[in-house]
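> sharing a sequence plus its predicted fold:
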Amino acid sequence: MELFAETWQYLLDADSWTGAGGLVARLLEQLLLTATALAAAMLLGLPLALWLGHLGRGGFLAVNVSNVGRAVPTFALLALLVAADWPGSGDFGPYGRAGLATLIALVLFALPPLITNGYVGMREVPSDVQEAADGMGMSRSQRFWRVELPLALPVVASGVRLALVQVWATATIAALVAGPGLGRIITEGFARNDYAQGMAGAVVVALVALLLEVAAAAVQRAVDPMPSAPSPRGGESLSAAPATVEEAPTGS
Amino acid sequence: MTLLAAADTGPSCYSRFVNEWFCWQYVEDRHEQITDALVEHVLITLAALALGLAIALPLALVARRVPRLESAVLGFSTGVYTVPSLALLPLLVPFTGLSAATVVIGLGLYALTILVRALLDGLRSVPDEVREAATGLGYGRARMLTRIEMPLALPVAMAGLRVAAVSTIALTTVGTLVAYGGLGDLIAHGVQRDFRAELMTAAVLCVVLAVALDVILVVLQRVLTPWTAGLR
């Protein structure tokens, strides 16, 4: 098809990669947004979720936070934040116009998988292991740091991985409110009836998403204290298959 | 534009200086436009879910019968999910053009990820004793599937369908990229014109729609699986 040829042309053209609104600049914007939002969400959500999981309280919160998160359209939330006077749509340092609104929306959307998996991971540490730790005379904090956290780490890491992919995907939507990121390449392409540009942007976004996914999967495997243990479900290859339906990303 | 031009004479919420979040006058004046967007939103969501189910069911059945294909099926459907929705739509445009079909197919592929997994989990949740009992009663494969396995898989499968339905409602808004976003079109227009009432109305309707669909599915599940009523 002709459009594929044009897309290929666009991707080969050095001009489409350089410059203020070029692919490289937009890619960096989106990576910066994703990294900042994920880091902020981890700082906010993980300590809370891990602590609640350790105490065994607040399961209601852990489950419902993701159900509510799924019902609110990312795009609508982003639009509301941009239209509000606060945080406003002015410039925000390297994050650009609509940057702060985008960051807030992204942090909110990264929280559900982090909180749910953090909580569930801590709760799923077998109780006989916990009793063994108590029996060995470990204090509460020793049990938390040396026993529960390492065993919960694979589940926690899978939450981080879900959040990462979700934040990357959601960051693309920021373009619908003229925010930063690769989505701008797509929306600008569509606005100018230059579908080749739209396609090219989509290809780059999708490729980076897959790369992030593969990298996150490798990290997750690396932190597993029992990597040789057979996965209970089997058949998890490249992807990121969320372990259960409940953990499936809200997508965006 | 005409709405904003009427600012001096009309109600205050059309005024650029006030720009209220909630404006009943807007809802009354534009109720036809809002209803159209709402209907489009519902139709796109339902079509996407139907498409997702139509593809997911055979995939799940094949994956269960041929275990070697399972990881391939799950890998494919999750791989699709990794592609951000705003990127998926342009990738479909060469095949479907700027039409509602683009949005329906894109969202259908998304729902697929959740649905295949839920259907597989549902079929796996059928106890082996039940299968053996059915075999002992002389049930063949097809009758076993339709009379025994599918009904018993329903609770788990329906849980997946609820997740898929709610996230599809939310994702339909992104369809505004190709001008078929239902309520998303109103949101985009509201952002463009900085008209808060339009934006807020559409956002609230989206959430209401998601909750309503979820409630309908819960009721449907109760009706379809009367034997679970006592267990709750």
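Perfect, thanks for sending it.
> every contact and neighbour count from this point should use C-alpha atoms.
Fine.
> roughly how far apart are the residue most central in space within chain B and residue B:110?
By C-alpha atoms, centre = their mean, chain B has its centre lying nearest to residue B:168, at 2.8 Å. Distance check for residue B:168 against residue B:110: by C-alpha to C-alpha, to the nearest Å, it reads 8 Å.
> what about stretch A:37-52, average pLDDT?
Mean pLDDT, computed over stretch A:37-52, is 90.
> report the buried residues of it.
By neighbour count on 16 or more other C-alpha atoms under 10 Å in any protein chain shown, the buried set for stretch A:37-52 is A:37-42, A:45-46, A:48-52.
> one more: stretch B:138-157?
Buried-residue list, stretch B:138-157, by 16+ other C-alpha under 10 Å: B:139, B:145, B:148-157.
> export the residues you listed to JSON lines and tack on distance to chain A?
As requested, those are arranged in JSON lines below (distance: C-alpha to the nearest C-alpha, whole Å):
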{"residue": "B:139", "distance to chain A": "28"}
{"residue": "B:145", "distance to chain A": "22"}
{"residue": "B:148", "distance to chain A": "23"}
{"residue": "B:149", "distance to chain A": "19"}
{"residue": "B:150", "distance to chain A": "18"}
{"residue": "B:151", "distance to chain A": "19"}
{"residue": "B:152", "distance to chain A": "18"}
{"residue": "B:153", "distance to chain A": "14"}
{"residue": "B:154", "distance to chain A": "14"}
{"residue": "B:155", "distance to chain A": "13"}
{"residue": "B:156", "distance to chain A": "9"}
{"residue": "B:157", "distance to chain A": "10"}
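> mind putting those in a markdown table, secondary structure included?
Converted to a markdown table, the buried residues of stretch B:138-157 look like this (DSSP: H, G, I helix; E, B strand; the rest coil):
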| residue | secondary structure |
| --- | --- |
| B:139 | coil |
| B:145 | helix |
| B:148 | helix |
| B:149 | helix |
| B:150 | helix |
| B:151 | helix |
| B:152 | helix |
| B:153 | helix |
| B:154 | helix |
| B:155 | helix |
| B:156 | helix |
| B:157 | helix |
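> for the residues you listed, which one is nearest residue B:47?
Minimum distance to residue B:47 across the buried residues of stretch B:138-157 is 18.3 Å, recorded for residue B:157 (C-alpha to C-alpha).
> surely that closest one touches residue B:118?
Yes. The criterion here is C-alpha atoms under 8 Å, and residue B:157 meets it with residue B:118 at 4.9 Å.
> report how many residues lie close to residue B:93.
Neighbour count of residue B:93, defined by other C-alpha atoms under 10 Å in any protein chain shown: 19.
> any idea how far the residue lying closest to it once chain neighbours are set aside is from residue B:95?
Closest residue to residue B:93 in three dimensions, ignoring its sequence neighbours and counting by C-alpha to C-alpha, 6 or more residues apart in numbering or on different chains: residue B:102, at 6.5 Å. Distance of residue B:102 to residue B:95, computed by C-alpha to C-alpha: 8 Å.
> more neighbours, these two?
residue B:102 (23 against 11).
> quick check, the more buried one in contact with residue B:91.
No. In this structure residue B:102 lies outside contact range of residue B:91 using C-alpha under 8 Å: 9.4 Å.
> residue B:132: neighbouring residues, count only.
12.
> any idea how far residue B:52 lies from residue B:37?
22 Å.
> what's the answer for residue B:198, then?
Applying C-alpha to C-alpha to residue B:198 and residue B:37 gives a distance of 12 Å.
> which residues do the two both contact?
Residues touching both residue B:198 and residue B:37 by C-alpha atoms under 8 Å, 6 or more residues apart in numbering or on different chains: residue B:186.
> who has more neighbours out of these two?
Neighbours per residue, other C-alpha under 10 Å: of residue B:198 and residue B:37, the larger number sits with residue B:198, 25 against 20.
> packing partners for the host helix or strand of that one?
Under the criterion of DSSP states H and E, residue B:198 resides in helix B:196-224. Where contact means 3 or more C-alpha pairs under 8 Å, 6 or more residues apart in numbering or on different chains; DSSP states H and E, helix B:196-224 is packed against helix A:59-71, helix A:74-83, helix B:24-29, helix B:150-172, helix B:183-193.
> which one of those lies closest to residue B:71?
helix B:150-172 (18.8 Å).
> hey, C-alpha coordinates of that closest one in CSV?
Only the C-alpha atoms of helix B:150-172 are listed here, as CSV (Å, rounded to 0.1, in the frame of the first residue of the first chain):
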residue,chain,number,x,y,z
MET,B,150,-19.9,-22.9,29.4
PRO,B,151,-22.5,-22.3,32.1
LEU,B,152,-20.1,-23.2,34.8
ALA,B,153,-17.4,-21.0,33.3
LEU,B,154,-19.8,-18.0,33.3
PRO,B,155,-19.0,-16.4,36.7
VAL,B,156,-15.3,-16.2,36.0
ALA,B,157,-15.8,-15.2,32.3
MET,B,158,-18.4,-12.6,33.3
ALA,B,159,-15.9,-11.0,35.7
GLY,B,160,-13.5,-10.6,32.8
LEU,B,161,-16.3,-9.2,30.6
ARG,B,162,-17.1,-6.6,33.3
VAL,B,163,-13.4,-5.4,33.3
ALA,B,164,-13.4,-5.4,29.5
ALA,B,165,-16.7,-3.4,29.3
VAL,B,166,-15.6,-0.7,31.8
SER,B,167,-12.3,-0.2,30.2
THR,B,168,-13.8,-0.2,26.7
ILE,B,169,-16.2,2.5,27.6
ALA,B,170,-13.3,4.6,28.9
LEU,B,171,-11.1,3.9,25.8
THR,B,172,-13.9,4.7,23.3
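> quick one: it to helix A:74-83, angle?
Angle of helix B:150-172 versus helix A:74-83, following axes from the mean of the first three to the mean of the last three C-alpha atoms, to 10 degrees, is 30 degrees.
> what helices or strands is helix B:150-172 leaning on?
By 3+ C-alpha pairs under 8 Å, 6+ apart, helix B:150-172 packs against helix A:59-71, helix B:31-65, helix B:100-124, helix B:196-224.
> in chain B, where is pLDDT below threshold?
B:1-18, B:229-232 (pLDDT under 70).
> residue B:158 contacts residue B:221, correct?
Yes. Counting by C-alpha under 8 Å, residue B:221 is a contact partner of residue B:158 at 6.8 Å.
> from the chain's centre, how far out is stretch B:170-185? Work that out for me.
Mean-position distance between stretch B:170-185 and its chain equals 12 Å (C-alpha atoms, centre = their mean, to the nearest Å).
> hey, which helix or strand in chain A has the poorest pLDDT?
Lowest on mean pLDDT, DSSP states H and E among the helices and strands of chain A sits helix A:59-71, with a mean of 73.
> what residues of whatever helix or strand residue A:205 lives in count as buried?
In the assignment (DSSP H and E), residue A:205 maps to helix A:195-222. Going by neighbour count (16+ other C-alpha under 10 Å), the buried part of helix A:195-222 is A:195-206, A:208-210, A:212-214, A:216-217, A:220-221.
> now swap in stretch B:98-117 and tell me
B:98, B:100-117.
> how far is it from where the chain is centred?
The mean C-alpha position of stretch B:98-117 is separated from the chain mean by 9 Å, C-alpha atoms, centre = their mean.
> for stretch B:148-166, same thing?
With C-alpha atoms, centre = their mean, you get 14 Å for stretch B:148-166.
> and stretch B:50-61, by the same measure?
14 Å.
> what's that stretch in contact with?
With C-alpha under 8 Å, 6+ apart, stretch B:50-61 has contacts from B:73, B:104-105, B:108-112, B:115-117, B:119-120.
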